[in-house]
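In: Have a look at this fold, sequence not included:
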């Protein structure tokens, strides 16, 4: 019963951490606009935290540049289980227009298992809310399967 | 210390929030919003202009040979698409359409691929127009009388009569973006006709004719690229 | 036998009311109300009121990562120390006429105990071995330092007022303060105590570490400060102690300035003809409810409104503010009380 309570609570209180892996900031702006009064994501329990150790869902924007690759991977490894990784925009999914450049270390799925992709350049805030809601469901499933 | 927004804060407690409650209240994208791509393979002619202009290299195609012709499958990878709609602008046949669906969320990469296929039959060869009557021999054989005249006038340079050649005019590209042939350089190798994805060119090697069907031509420029003599200007 | 019953009674006090369970429920409820009200004031919808409960249980289910550079024992035990101290304070604070351990309640003890949660944050931050934590904990030290002075002055002023009335000099016993208020009406009625009340209200957001005095736990600047390396259940306990501190400070205000007079509920019930054990229990529950409502109103006024309309103060601005404006107000009250007004 206690496990069920924890599982339900995990689905209602996902905390976000945002990593910018070399993005043009378009997707970052749309992500923080999700927390503004117009699309208030806090009513669904989302909260932007300051430390990766407090987070459940990691949102990565930007094509993973060669300089930021190591740091992104180290930050993601600091997020405690259960965790969900969401890529936002088409940059971390494939590099978009920067594909093949000497400075891009490739799509994020080459290095970590990505749970949800939110496509768009940039995705609309409603699409971001949908993507985060799906990630929350996956998070609750993961919590249910832990232990 | 002053608190500039105190009044708004307190009145905000009693007014309705300015929140568009998204999942409960559905919201539509603006008109002309460039969302998910829809591909109409029945309108495509495989000119590959979209692939060439795509800024994110998101469009690829594969060709399988079947009995009826080539089965061409074109795939748009939305995970690499910038939604700039350049492909839609360049497609002359309206095979690419951007809908207002912004809800593109995937857990697997395959969910982001939009593809369609169509069978491209080989172009139907148009009947070749009959050969025009042979022009009079290019160099009229010097008559016997003239030979003596020539011998008597050794100084006069022998003018080798040339064929009826119009004065060589400068070949200029057309304004409407369709190709124009430079007859001086063309060798009628028929490569352009073979490469034309629309089948708009008819070239006859023997008859040395180059005919463009303007209704079908899309101005993609494949013929100009294919020509080994750079005889096509576009 | 009586000893066992006594021990059992104390156990109920410690664990259920006004101990751990009561603190847990009301503290998190107050925190939820605060978040909801802040959101409404910012014209948003805001999280459901039960959101801090979901947060706490979710954190209990997360993996606890102890960094390699951390001192493991201190890292894991520091949050519990803070929570224990707060529950002990709550045990000493009377709920209108009911007081769990009234023979020992002393305001000076409460003052010292109030330091311990802040110290536990500092210990936890120091034990985690992260430079962000180092910056955060030095700011936390400055914060508690700046809040202690006005608090001490307020308590001195109240003690002097009550002491002169009882003829014992300065009175520090909380139960005696409550009894004085029962006899003479609430302390808020005395004009000389109003600056002290205002000073105490201003100390509340500083002590709880809420906006705009949350330089120690600044999210965006220093990655959550001393709590940067915490995850899982210890972090949940820290968030819980933050919520319980809200309850403690507001109920302390109610006890010091508004309390003792009772709510008159028992008298009302007597007049309505109800009496006896059951009516007494109902009256008691209603008094707890009134306490909760008062705490909620105070939370709204001191924590939520201030959160919604201000920006975060820098640490030196915070220090200057507390030691000039707030301490000045408390000093006025102390001087007036010393002269018997």
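Out: Yes, it's here. Note that the structure is a prediction, hence the values are computed from the model and not measured. Numbering: from 1, shown residues only, chains lettered A, B, ... in the order given.
In: Could you count how many residues lie near residue C:226?
Out: Neighbourhood size, residue C:226 [other C-beta atoms under 10 Å in any protein chain shown]: 31. Heads up, the C-betas are built off the backbone N, CA and C, glycines and all.
In: got the contact list for the closest residue in space to it that isn't next to it in sequence?
Out: Closest residue to residue C:226 apart from its sequence neighbours, by C-beta to C-beta, 6 or more residues apart in numbering or on different chains: residue C:125 at 2.7 Å. Taking C-beta atoms under 8 Å, 6 or more residues apart in numbering or on different chains, we find residue C:125 in contact with C:133, C:134, C:136, C:137, C:140, C:225, C:226, C:227, C:228.
In: swap the cut-off to 7 Å and go again
Out: Under the criterion of C-beta atoms under 7 Å, 6 or more residues apart in numbering or on different chains, the contact partners of residue C:125 comprise C:133, C:136, C:137, C:225, C:226.
In: Just confirm the second one is within a helix.
Out: What it means is residue C:136. Yes: residue state for residue C:136 (DSSP: H, G, I helix; E, B strand; the rest coil) corresponds to a helix.
In: phi, psi of residue A:120?
Out: Geometry field for residue A:120 lists phi and psi as phi 140, psi 160, criterion degrees, to the nearest 10.
In: typo on my end, residue A:84
Out: As for residue A:84, its main-chain torsions (degrees, to the nearest 10) stand at phi -130, psi 140.
In: same check, this time on residue A:57
Out: For residue A:57, the backbone dihedrals (degrees, to the nearest 10) come out as phi -110, psi 130.
In: My guess is it contacts residue A:16. True?
Out: Yes: in this structure residue A:57 lies within contact range of residue A:16 using C-beta atoms under 7 Å: 5.2 Å.
In: Near chain C, which residues of chain A? Just list them.
Out: Taking C-beta under 7 Å from any C-beta of the partner chain, the part of chain A that reaches chain C is made up of A:5-6, A:9-10, A:12-13, A:37, A:40, A:42-43, A:45, A:49-51, A:53-54, A:80-81, A:143.
In: Using PyMOL, define a selection of the buried residues within the residues you listed.
Out: Listed next is the PyMOL selection for buried residues among the residues of chain A next to chain C, using 16 or more other C-beta atoms under 10 Å in any protein chain shown:
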select buried, chain A and resi 6+9+10+12+13+37+40+42+43+45+49+50+51+53+54+80+143
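In: which among the residues of chain A next to chain C are in contact with chain B?
Out: Restricting the residues of chain A next to chain C to those adjacent to chain B (criterion: C-beta under 7 Å from any C-beta) gives A:37, A:40.
In: Pick out the one among the contacts of residue C:125 with the largest number of neighbours.
Out: For the contacts of residue C:125, the largest number of neighbours (other C-beta under 10 Å) sits with residue C:226, at 31 neighbours.
In: so who does residue B:92 touch?
Out: Counting by C-beta under 7 Å, 6+ apart, the residues that residue B:92 touches are residue B:218.
In: And the residue nearest to residue C:226, how far from chain A?
Out: Taking C-beta to the nearest C-beta, to the nearest Å as the measure, residue C:125 falls 12 Å from chain A.
In: Let me know the helix or strand that that residue is in.
Out: If you go by DSSP states H and E, residue C:125 is part of helix C:107-128.
In: for that helix, which positions count as buried?
Out: Along helix C:107-128, the positions that meet the burial threshold by neighbour count (16+ other C-beta under 10 Å) are C:107, C:109-110, C:113-114, C:116-128.
In: next one: stretch C:2-14
Out: Going by neighbour count (16+ other C-beta under 10 Å), the buried part of stretch C:2-14 is residue C:14.
In: all helices for chain A, in order.
Out: When assigned using DSSP state H, the helices of chain A occupy the ranges A:2-12, A:26-33, A:66-77, A:91-94, A:125-145.
In: With mean pLDDT added, can I get these in TSV?
Out: As requested, the helices of chain A are exported to TSV (pLDDT from 0 to 100):
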stretch	mean pLDDT
helix A:2-12	88
helix A:26-33	92
helix A:66-77	93
helix A:91-94	89
helix A:125-145	91
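In: Kindly report the residues of chain A close to chain B.
Out: Along chain A, the residues adjacent to chain B under the rule C-beta under 7 Å from any C-beta are A:37-40, A:90, A:93-94, A:96-97, A:99, A:115-121, A:123-124, A:126-127, A:129-131, A:133-134.
In: need the contact list for residue 43.
Out: You didn't pick a chain, so chain A it is. Contacts here follow C-beta under 7 Å, 6+ apart; on that basis residue A:43 touches C:45, C:46, C:47.
In: actually chain C
Out: Taking C-beta under 7 Å, 6+ apart as the test, what residue C:43 contacts is A:37, B:12, B:17, B:18.
In: give me the number of residues near the second one?
Out: Yep, that's residue B:12 we're talking about. Residues near residue B:12, counting by other C-beta under 10 Å: 20.
In: Does it touch residue C:39 like I think?
Out: No: the pair residue B:12 and residue C:39 does not pass the contact test of C-beta under 7 Å, sitting 9.5 Å apart.
In: who in chain C is up against chain A?
Out: Taking C-beta under 7 Å from any C-beta as the criterion, the contact residues of chain C with chain A come out as C:39, C:42-47, C:51, C:54-55, C:57-58, C:60-63, C:65, C:219-220, C:223-224, C:228-232, C:235.
In: PyMOL command to pick out the buried ones of those?
Out: A single PyMOL command is used to select the members of the residues of chain C next to chain A judged buried by 16+ other C-beta under 10 Å:
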select buried, chain C and resi 39+42+43+44+45+46+47+51+54+55+57+58+60+61+62+65+219+223+224+228+229+230+231+232+235
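In: Leaving out chain neighbours, which residue sits closest to residue B:185?
Out: Sequence neighbours aside, residue B:231 is the residue nearest to residue B:185 in space, at 3.7 Å (criterion: C-beta to C-beta, 6+ apart).
In: so what's that neighbour up against?
Out: Residues touching residue B:231, when contacts are defined by C-beta under 7 Å, 6+ apart, comprise B:181, B:182, B:185, B:186.
In: Return the per-residue confidence for it.
Out: What the model reports for residue B:231 is a pLDDT of 83.
In: that older thread, of the contacts of residue C:43, which belong to helices?
Out: Mapping the contacts of residue C:43 onto helices (DSSP H) picks out residue B:12.
In: With distance to residue A:68 and pLDDT added, can I get the contacts of residue C:43 in TSV?
Out: Supplementary listing: the contacts of residue C:43 in TSV, determined by distance: C-beta to C-beta, whole Å; pLDDT from 0 to 100:
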residue	distance to residue A:68	pLDDT
A:37	32	85
B:12	40	83
B:17	37	79
B:18	36	79
